[in-house]
Structures are given as C-alpha cells and as structure tokens.
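A.B. asks: predicted model follows, preceded by the sequence.
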Amino acid sequence: MVDKQKISREDAVVLINDFIEKELWSKDWYKKTRKHIMAVIMYGPTAKGSNKSNSFIEFFIIMPVKPQEKHVLNEYVYDYKGEKLKIVMHSIEKLRSAAQTKNEKEVETFKNCEIIYD
C-alpha cells in the first residue's frame, strides 16, 4: 500500500473550490446562507504548509452573525476526494472584534491564511 502524500496549499485551494461548487450547493444550510457569505478563508496547518498527510483541510466561512445563528451549526466535517474538510463558521462581527482587540489566538489562527473567496 502506498502512503498518502500530504496535499499542497495550492491543491487544497483547488479542492476547496471544487467542493464548494460540486458538493455544498446541495446542502440545505448552504442554500439558506450562501447569499450572506462574505468570504471563504483557508487556515490551519495546510494554509501554513505544516500539514501532514492526515491533516484536515480547514476553512472558515465568514458571514454576518444573524444568518449564521439561524441556519447553521458552528462546524461541519466532510470527506471529499480522499481528504477531510473541516468548515468552521465565523461571523464577521467576531472577526472585527478580534482584529480590534488584537486577540493573540485569533491573530495566530489567521497567520498565513489563504482567502479563497471574497
């Protein structure tokens, strides 16, 4: 058996876009919230280039807090084309607050992130 190779940052961006285009469109929560989506941002080890072959490909979906609270869970995990994708919902209000307070944890989370859609 051949060991699975870790995915590159560039390939992860392509995979996320493909996943959104081909899979998320069929999910009820996505149908209800897609008009509110302000950005999709890849973060975590894959964005930083420190991922392993079994790392999740993590990305935020940024939207206003009201549609987020009304229609979605805080996170979703999907298997897609042999990779595990983790979607974390993040409100634009929380993002602004973190930027204003310079929350160290939030700052570290967004280091080396990749904006996929804005």
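C.D. replies: Happy to help now that I have it.
A.B. asks: helices of the chain, start to end?
C.D. replies: Using DSSP state H, the helices of the chain run over 9-22, 28-33, 45-48, 65-71, 92-101, 104-110.
A.B. asks: residues of the fourth one that come out buried?
C.D. replies: In other words, helix 65-71. Of all the residues in helix 65-71, those buried under the rule 16 or more other Cβ atoms under 10 Å are Pro67, Gln68, His71. Where you see a C-beta, it was placed from the backbone N, CA and C, and this is true even at glycine.
A.B. asks: which non-adjacent residue is nearest the last one?
C.D. replies: Read that as His71. In space, and not counting its chain neighbours, His71 is closest to Lys32: 4.4 Å by Cβ to Cβ, 6 or more residues apart in numbering.
A.B. asks: let's see the pLDDT reported for the one you found.
C.D. replies: If you check Lys32, the pLDDT there is 90.
A.B. asks: how many residues are close by it?
C.D. replies: 13 (other Cβ atoms under 10 Å).
A.B. asks: same check, this time on Phe60
C.D. replies: Each residue near Phe60 was counted by other Cβ under 10 Å, and the total is 24.
A.B. asks: surely it meets Lys94?
C.D. replies: No: with contact defined as Cβ atoms under 8 Å, Phe60 does not reach Lys94; the gap is 10.3 Å.
A.B. asks: and stretch 73-91, how far apart are its ends?
C.D. replies: Stretch 73-91 has an end-to-end distance of 12 Å (criterion: Cα to Cα, to the nearest Å).
A.B. asks: scratch that, stretch 76-91
C.D. replies: 15 Å.
A.B. asks: figure out how far it is from the centre of its chain.
C.D. replies: What separates the centre of stretch 76-91 from the centre of its chain is 7 Å, taken as Cα atoms, centre = their mean, to the nearest Å.
A.B. asks: what does stretch 27-46 give?
C.D. replies: Taking Cα atoms, centre = their mean, one finds the center of stretch 27-46 at 7 Å from the center of the full chain.
A.B. asks: please point out which parts of that stretch sit buried.
C.D. replies: In stretch 27-46, counting by 16+ other Cβ under 10 Å, buried: Trp29, Tyr30, Thr33, His36, Ile37, Ala39, Val40, Ile41, Met42, Tyr43, Gly44, Thr46.
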